[in-house]
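Q: this one's structure only:
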């Protein structure tokens, strides 16, 4: 994060620091975590006019569309509701100003190009986690498909959704413990193929309908209990 952006966030959080103090704090933090600085050492990937940030459906009252700006926005992969501001939070008015775009490649070889600094830096973390989750989902799906083919039986569960970092299964209550244990083990092992040496957990929670707030609940024998979630 650049000092000016961090300065705005610090001020909005109620802290009183000068922009020089913020810049020094960022410098010290990178000195303490040099591997993070190396990861965020992004490659410059061109420039885009700052009007891409200003010309948006949420901030303009004009009825006409600027096709050139829309194309630039799409190519730059920049969110349409951002405004370029200075360190004091004021919108910059200079129509000729240019914004740097960056690119990066994560540890799996996935590339993020022509994005803002924050978007591209965030990609190194978010894309890696997303890829690990997709590998886990594939392991769970393929394992069940193979089991059914080898044993000539029906599926014991169905993958219904993938929400952020959760896989949502529909499963018969009679095989709930078996499926939960097997899938949790598969998911952990799958993620560790790309994140070795990191503590990975997959805690199953059973519920009558999905809820982010549901917690794993067990009876005295250690069996998973479905939590009734009200509509």
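A: On my side now, so go ahead. Just so it is clear, the model here is predicted, and its values are computed rather than measured.
Q: Quick check, central residue of this structure?
A: Of all residues in the chain, the one closest to the mean position by C-alpha atoms, centre = their mean is residue 126, 3.9 Å from it.
Q: name the element it belongs to?
A: Assessed by DSSP states H and E, residue 126 sits inside helix 117-151.
Q: That helix - what's its average pLDDT?
A: The average pLDDT for helix 117-151 rounds to 91.
Q: give the contact list for residue 212.
A: residue 163 (C-beta atoms under 8 Å, 6 or more residues apart in numbering). The way it works is simple: take the backbone N, C-alpha and C, and place the C-beta from them, glycine included.
Q: And residue 179, by the same measure?
A: 156, 157, 169, 171.
Q: State the pLDDT value of the nearest residue to residue 170 once chain neighbours are set aside.
A: Nearest non-adjacent residue to residue 170, counting by C-beta to C-beta, 6 or more residues apart in numbering: residue 158, 4.6 Å away. pLDDT for residue 158: 93.
Q: In which helix or strand does residue 158 reside?
A: strand 157-163.
Q: Partner strands of whichever helix or strand comes after that strand and their direction?
A: The element immediately downstream of strand 157-163 (helix or strand, assigned by DSSP H and E) is strand 166-171. Strand pairing for strand 166-171, determined by DSSP bridges: strand 157-163 (antiparallel).
Q: Just want the angle from the strand it pairs with to helix 117-151.
A: If you take axes from the mean of the first three to the mean of the last three C-alpha atoms, to 10 degrees, strand 157-163 sits at 180 degrees to helix 117-151.
Q: Could you list the buried residues of strand 157-163?
A: Using 16 or more other C-beta atoms under 10 Å as the test for burial, strand 157-163 gives residue 157.
Q: What residue in the chain is the furthest from its centre?
A: Most remote from the centre of the chain, using C-alpha atoms, centre = their mean: residue 152, at 38.3 Å.
Q: And that one, how far from residue 15?
A: Noted for residue 152: a distance of 64 Å to residue 15, by C-beta to C-beta, to the nearest Å.
Q: And residue 173, by the same measure?
A: Using C-beta to C-beta, one obtains 51 Å as the distance from residue 173 to residue 15.
Q: shaky segments in the chain?
A: 1-5, 53-97, 231 (pLDDT under 70).
Q: mind redoing it with 80?
A: 1-12, 19, 35-41, 49-99, 164, 229-231 (pLDDT under 80).
Q: tell me the strands in this protein, going along the chain?
A: Using DSSP state E, the strands of the chain run over 43-49, 98-105, 111-115, 157-163, 166-171.
Q: so which of the ones you listed comes closest to residue 36?
A: For these, the distance to residue 36 is smallest for strand 98-105, at 13.2 Å, taking C-beta to C-beta.
Q: The closest one pairs with which strands?
A: Applying DSSP bridges to the sheet, strand 98-105 is found paired with strand 43-49 (antiparallel), strand 111-115 (antiparallel).
Q: deepest of these, which one?
A: Across these, averaging neighbours per residue (mean count of other C-beta atoms under 10 Å) puts strand 111-115 on top, at a mean of 17.
Q: how close does the nearest residue in space to residue 225 that is not next to it in sequence get to residue 36?
A: Spatial nearest neighbour of residue 225, chain neighbours left out: residue 217 (4.6 Å); criterion: C-beta to C-beta, 6+ apart. According to C-beta to C-beta, residue 217 stands 38 Å off from residue 36.
Q: domain ranges for the chain?
A: With domains defined by automatic domain parsing, the chain comprises 3-126, 128-231.
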